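# Give me a model of this one.
(4 chains)
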2 protein chains.
Amino acid sequence: MNHQGIRAEVLRRIRARDWVPGVTIPSEEALAVEFGCARATVNRALRDLAGQGVLERRRRAGTRVALLPVRKAVVDIPVIRLDVEGKGQVYTHRLLEQSMGVPSVPVASRAGFAGRMLYLETLHLADGRPYAFEARWLNVGVLGELPDFTQVSANEWLVRNVRYTTGDIAFSAEGASVREAAVLGVAAGTAVFVTDRATWVEADVITVVRLCHAPGYRLQAGVS
Amino acid sequence: MNHQGIRAEVLRRIRARDWVPGVTIPSEEALAVEFGCARATVNRALRDLAGQGVLERRRRAGTRVALLPVRKAVVDIPVIRLDVEGKGQVYTHRLLEQSMGVPSVPVASRAGFAGRMLYLETLHLADGRPYAFEARWLNVGVLGELPDFTQVSANEWLVRNVRYTTGDIAFSAEGASVREAAVLGVAAGTAVFVTDRATWVEADVITVVRLCHAPGYRLQAGVS
DNA sequence: CATCTTATTATGTGCAGACATAATACTCTG
DNA sequence: CAGAGTATTATGTCTGCACATAATAAGATG
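Presented below is the predicted three-dimensional model:
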């Protein structure tokens, strides 16, 4: 049996409740004998399953079926243009504001950077109707030459031109501010889905974005 | 060099733009020579990175740095009790309603099931204050003996007692309905973060849940 | 020149064996 | 009996080798 087969068989036994959550399953060596393969092959299968959160492994203690299987959802971070075009709508965007300034305290603390940054406000439209309102702070110090953001979406330019980044992202529900409501064409206080995102290269903040989606937006994800 | 070291070094070179997106990196064999280790070790490191979406590998064609790094965020699906306890607060819950009935059309269509189901309404509390309001439909036909849900949280009972499941999940922002607002102790129409979740075993729906979080809730995720 | 066939090559996967490491179980000692 | 030290054990990882497989390149043929 190969490692995929072993993975499938182990999963089957867990699903069939031959092995219930919490119990220790046989050692790699025992399974290798049972499946007629090398321990390395069993190891790979079990390691994969542990990576998925289905098993928990500890040296000497053995391998157990996870008690609370860590259920993770993987969400593709939306690239708005692809999002819109994926629904068969026409994507456009309008740059509403572009200026230099010092971000507010909450933004600066999130960025870990208190200097002057480039501020952009962009409205993303689907078939001409407001789709999302983007407020973005850019750390021009580390970005060098910038393009004309009336032509190019900041997000896509960054994805294509900035080296690999780390970041974090948070989702929340908020009542639309007066400005956001006006731009999106809804009443102030309407529930809007907000994506807050910060991006770094090494220790330097690149950009802090607040994306305010028009009502009706849903973030879909698959559960492993 | 071990596989973690190799992974780190490859990542470093990508970040340092020694290897830019799109280019083919040296073969496993060449890297094994360079790093003074076995090909299997390089293989594992590169396979891991490919799994993360940093590299793209094809037989014979070689290994390339991913052109548009698939940016995915992984969110751990919240288990409310752990969520609350993780913040150092005391978790409790109250069962508000338990009845049999036929779900509404949208719920039934999402479930792909139109028969009678068990309906539960639960309020989750953190330090005695409303934390989230849960409305859940359960397919009793496939679940067999059920516990006393005044004692046990439905979610945790399911996690522990139902075999492994597949499902999907969606997040949105909505204005609180009158009922939701009353239960959560906020004004109707207040923006609330809503998690919609459906779970199946094989082809049978197990449960459909709508979780309505009190204002201020944030869903955090890390970006790979 | 187009097309079919045949190498070539990089990755995918497997095996047996070895040693490292962490966690537990056991034993000795005061 | 408590605490320190030691043995055991299951997983973690690496090596060197082998063969499988997919994709491409090169060559043969009409």
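# Would you mind measuring from residue A:12 to residue A:34?
14 Å (Cβ to Cβ, to the nearest Å). Glycine gets a C-beta too; all of them are placed from N, C-alpha and C.
# How about residue A:186?
In terms of Cβ to Cβ, residue A:186 sits 61 Å off from residue A:34.
# higher neighbour count, those two?
Each of residue A:186 and residue A:34 has its neighbours counted (other Cβ atoms under 10 Å in any protein chain shown); residue A:186 has more, 16 against 13.
# Per-residue pLDDT of the more buried one, please?
Looking at residue A:186, its pLDDT stands at 96.
# I'd assumed residue A:187 was in a strand, is it?
No - counting by DSSP: H, G, I helix; E, B strand; the rest coil, one finds residue A:187 to be coil, located in no strand.
# Once you drop chain neighbours, what's closest to it?
Excluding the flanking residues, the one nearest residue A:187 by Cβ to Cβ, 6 or more residues apart in numbering or on different chains is residue A:181, at 6.0 Å.
# List the contacts of the one you found.
Neighbouring residues of residue A:181 by Cβ atoms under 8 Å, 6 or more residues apart in numbering or on different chains: A:187-190.
# now swap in residue A:219 and tell me
Each residue near residue A:219 by Cβ under 8 Å, 6+ apart is listed here: A:75, A:78, A:171, A:193, B:170-172.
# Could you list the low-confidence segments of chain A?
A:68-72, A:76, A:82, A:86, A:88, A:159-160, A:163-165, A:202-203, A:222-224 (pLDDT under 70).
# quick check, the helix or strand where residue A:132 lies touching chain B?
According to DSSP states H and E, residue A:132 maps onto strand A:129-138. No - if you take Cβ under 8 Å from any Cβ of the partner chain as the test, strand A:129-138 misses chain B, and the best it gets is 12.3 Å.
# That strand - which strands sit beside it in the sheet, and in what orientation?
If you go by DSSP bridges, strand A:129-138 pairs up with strand A:117-126 (antiparallel), strand A:204-213 (antiparallel).
# For it, buried residues please.
Buried residues in strand A:129-138, counting neighbours by 16 or more other Cβ atoms under 10 Å in any protein chain shown, are found at A:130-138.
# Restricting to C-alpha, output the next helix or strand after it in PDB.
Where DSSP H and E defines the elements, the next helix or strand beyond strand A:129-138 is helix A:140-143. Taking C-alpha atoms only, helix A:140-143 is exported to PDB below (Å, rounded to 0.1, in the frame of the first residue of the first chain):
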ATOM      1  CA  VAL A 140       6.000  55.000  -0.100                       C
ATOM      2  CA  GLY A 141       9.400  54.900   1.600                       C
ATOM      3  CA  VAL A 142       9.900  51.200   0.900                       C
ATOM      4  CA  LEU A 143       8.000  51.100  -2.400                       C
END
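# Pull the residues that contact helix A:140-143.
Contacts for helix A:140-143 (Cβ under 8 Å, 6+ apart): A:100, A:115-118, A:146, A:162, A:201, A:204, A:206.
# Which one (most neighbours) among the residues you listed?
Of all the contacts of helix A:140-143, residue A:117 has the most neighbours under the rule other Cβ under 10 Å, reaching 24 neighbours.
# What's opposite the closest residue in space to it that isn't next to it in sequence in the beta bridge?
Computed as Cβ to Cβ, 6+ apart, the closest residue to residue A:117 that is not its neighbour in sequence is residue A:137, at 4.5 Å. Beta-bridge partners of residue A:137, counted by DSSP bridges, are residue A:119, residue A:208.
# Residue A:137 against residue A:207, yeah?
Yes - applying Cβ atoms under 8 Å, one finds residue A:137 in contact with residue A:207, separated by 6.5 Å.
# What parts of chain A come near DNA strand D?
Taking Cβ under 7 Å from any atom of the strand as the measure of proximity, chain A contacts DNA strand D at A:27-29, A:39-40, A:43, A:46-47, A:50, A:57-63.
# number of nearby residues for residue A:44?
17.
# go on, residue A:8?
Neighbourhood size, residue A:8 [other Cβ under 10 Å]: 13.
# Go ahead and confirm residue A:209 touches residue A:194.
No - contact criterion Cβ under 8 Å: residue A:209 and residue A:194 do not qualify, at 10.5 Å.
# And the residue of chain A that's closest to DNA strand C?
Nearest to DNA strand C in chain A, going by Cβ to the nearest atom of the strand, is residue A:2, at a distance of 2.1 Å.
# what sits against that residue?
Residue A:2 sits in contact with A:37, A:41, where contact means Cβ under 8 Å, 6+ apart.
# try residue A:1
Applying Cβ under 8 Å, 6+ apart to residue A:1 gives the contacts A:9, A:35-37, A:41.
# Quick check: residue A:65 touching residue A:23?
Yes - using Cβ under 8 Å, residue A:65 is in contact with residue A:23, at 5.9 Å.
# out of the two, which sits in the busier spot?
Each of residue A:65 and residue A:23 has its neighbours counted (other Cβ under 10 Å); residue A:65 has more, 22 against 13.
# Distance of that one relative to residue B:157?
Plainly put, residue A:65 is 17 Å away from residue B:157 if you go by Cβ to Cβ.
# picking that back up, of the residues of chain A next to DNA strand D, which is the nearest to residue A:83?
residue A:50 (33.6 Å; Cβ to Cβ).
# Could you look up the SS state of the nearest residue to the closest one once chain neighbours are set aside?
Computed as Cβ to Cβ, 6+ apart, the closest residue to residue A:50 that is not its neighbour in sequence is residue A:57, at 4.9 Å. Following three-state DSSP, we place residue A:57 in the strand state.
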